[in-house]
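Novice: Pasting a predicted model and its sequence here:
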Amino acid sequence: AQFYTTRGEDTLIGGLRGYREMSPDNLESLVSPESLLSPEALKPSEQLVSPASIASPLHQEEISRYVKDRLPESRLPDARIEVGRFFFREEDGIEFKYDEATNSFVIEKRLSLEGPMEPADIEADVLDIEGFKGINDDLDLDGGVPAHLALRANPEHIESQFNLEKGNDIPINVFGTDTRYSFRSTSYPWTTVGKVQTAVGVCTGTMVGRRLMLTAAHCINWTENGAGWLKFTPAYYDGDAPFGIAWATRVIHWGGVDVNNGLSNPETARDYAVVVLNTDMGDLTGYAGYRSYHKSWNGFDVWQNIGYPGGMTGTQRPVFSDEGIITSVEEHSVAGRTGYVLGNFIDTEPGHSGGPVWGWWPDENFPRVVGDMSSESANPAYNRSGDNEASG
């Protein structure tokens with residue numbers, strides 16, 4: 001999507017992906033029309049580019065030539081990570097016990113037939129960019145590559161894709177041969193992608209700032225008070241959470257989407273949300289860059305996607321695919337905001353929603369997200385009506 005931006009000494013404000021360095025308190029100004037910065041305070045981003053000046057994204061065989069794998073360049077930071085959280089009522093009579101035999105803690109509560117305690121709802125705000133009118137669109141935001149993580153241009157292949165017997169079908173949108181494979185990695189940028197869990201299901205999300213995570217808007221459990229709880233676990237694999245977990249404190253979006261009857265194209269164009277987390281998770285995992293999609297890239301088989309599919313891995317392991325093709329871009333504008341529907345032939349299934357569609361560019365050691373997976377066709381085919389769609 002296109003948006004407006006301003007840069008201060010430590011702050012980059014820009015639609016949904018630019019205000020990475022802001023503290024939670026400062027984020028209030030982004031969604032409070034009364035406290036938006038004055039026009040005099042706004043300055044064009046230092047990273048503004050025109051689509052004509054952007055090089056084409058790299059093909060898969062070119063990535064390893066430009067992106068050199070490396071080992072960590074520093075020690076892990078002395079950081080504490082959250083490994084679990086239990087919500088309870090006072091009447092549950094919670095007790096914590098240490099089991100020396102198994103070197104574990106046991107949490108006990110009174111027997112009750114009541115359902116589990118749910119976390120409180122969180123704020124959900126529609127970004128108001130009226131105060132940013134007249135400022136150039138920020139099309140180009142860099143990623144963050146931590147020195148304490150190794151860098152790998154591709155995740156290590158540890159499990160093959162489905163091996164189906166002839167005549168057997170599975171409920172996924174795969175175009176041709178399914179080339180996806182599951183992986184386990186604590187190397188950048190694969191650490192930036194993780195499992196999104198809410199009361200209504202599982203999706204995929206990507207770190208796009210120190211405490212900002214991008215996912216699909218239809219993955220959010222919208223409530224009368226805003227949004228329901230959301231847990232993000234980067235690099236999640238079979239229950240393992242190497243970087244711990246983070247919780248949503250706020251959701252910022254372009255406007256709600258209704259998935260009860262499927263997504264219309266205008267809804268798909270705004271089917272993304274940025275979640276403000278309770279920790280600076282991006283300092284540990286790194287974060288991806290961003291770039292607005294340009295129609296001149298239509299037909300290029302250069303896009304990678306990561307997701308937590310329900311069918312292939314039961315949402316327990318991430319899977320990777322490359323050489324994805326975006327064949328069409330459809331623009332939709334609402335209230336001064338522009339979003340894109342990116343028609344594509346990227347293999348997907350439920351659980352991939354919110355996962356990044358990203359590419360690599362010459363002389364950069366991080367990928368740039370151009371969209372997040374949004375919807376799959378009810379009748380997959382190699383045409384406009386049968387393609388999958390991402391939001392950009």
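Specialist: Structure received.

Novice: can we go C-alpha only for contacts and neighbour counts from here?
Specialist: OK.

Novice: where does the stretch 51-200 of the chain dip in pLDDT?
Specialist: 51-54, 127-140, 158-178 (pLDDT under 70).

Novice: Please enumerate the helices of it.
Specialist: 60-66 (DSSP state H, counting those that start in this stretch).

Novice: all strands for it, in order.
Specialist: 95-99, 104-108, 123-126, 140-141, 181-182, 193-198 (DSSP state E, counting those that start in this stretch).

Novice: Just list the residues touching Ala216, thanks.
Specialist: 205, 271-273, 353-355, 372-374 (C-alpha atoms under 8 Å, 6 or more residues apart in numbering).

Novice: Pick out the most distant pair among those residues.
Specialist: Using C-alpha to C-alpha, the two most remote members of the contacts of Ala216 are Gly205 and Asp271, lying 12.9 Å apart.

Novice: mind checking how far the helix or strand that contains Met312 is from the chain centre?
Specialist: Using DSSP states H and E, Met312 sits within helix 310-313. Distance of helix 310-313 from the chain centroid (C-alpha atoms, centre = their mean, to the nearest Å) equals 19 Å.

Novice: Buried ones in that helix, by neighbour count?
Specialist: Neighbour-count burial for helix 310-313, with 16 or more other C-alpha atoms under 10 Å as criterion, is recorded at 310, 312-313.

Novice: CA-only coordinates of it in PDB, if you can.
Specialist: As requested, the backbone C-alpha atoms of helix 310-313 are provided in PDB (Å, rounded to 0.1, in the frame of the first residue of the first chain):
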ATOM      1  CA  GLY A 310      -2.900 -26.400   8.400                       C
ATOM      2  CA  GLY A 311      -2.800 -29.300   5.900                       C
ATOM      3  CA  MET A 312       0.900 -29.800   5.300                       C
ATOM      4  CA  THR A 313       2.200 -29.300   8.800                       C
END
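
Novice: Return the per-residue confidence for the residue nearest to Glu82 when sequence neighbours are not counted.
Specialist: Using C-alpha to C-alpha, 6 or more residues apart in numbering and skipping the chain neighbours, the partner closest in space to Glu82 is Gly244 (5.0 Å). Per-residue confidence (pLDDT) for Gly244: 97.

Novice: Tell me the secondary structure at Gly244.
Specialist: coil (DSSP: H, G, I helix; E, B strand; the rest coil).

Novice: Ala79 is in contact with that one, correct?
Specialist: No - here Gly244 does not reach Ala79: they are 10.6 Å apart, not a contact under C-alpha atoms under 8 Å.

Novice: if you count what's nearby, which of the two comes out ahead?
Specialist: Gly244 (18 against 8; other C-alpha atoms under 10 Å).

Novice: dump the residue contacts of the more buried one.
Specialist: So Gly244 contacts 81-84, 233-234 (C-alpha under 8 Å, 6+ apart).

Novice: 10 Å - rerun?
Specialist: Contacts for Gly244 (C-alpha atoms under 10 Å, 6 or more residues apart in numbering) come out as 80-84, 232-236, 281, 284.

Novice: Looking at neighbours, which among those is most surrounded?
Specialist: Pro234 leads the contacts of Gly244 on contacts (other C-alpha under 10 Å) with 30 neighbours.
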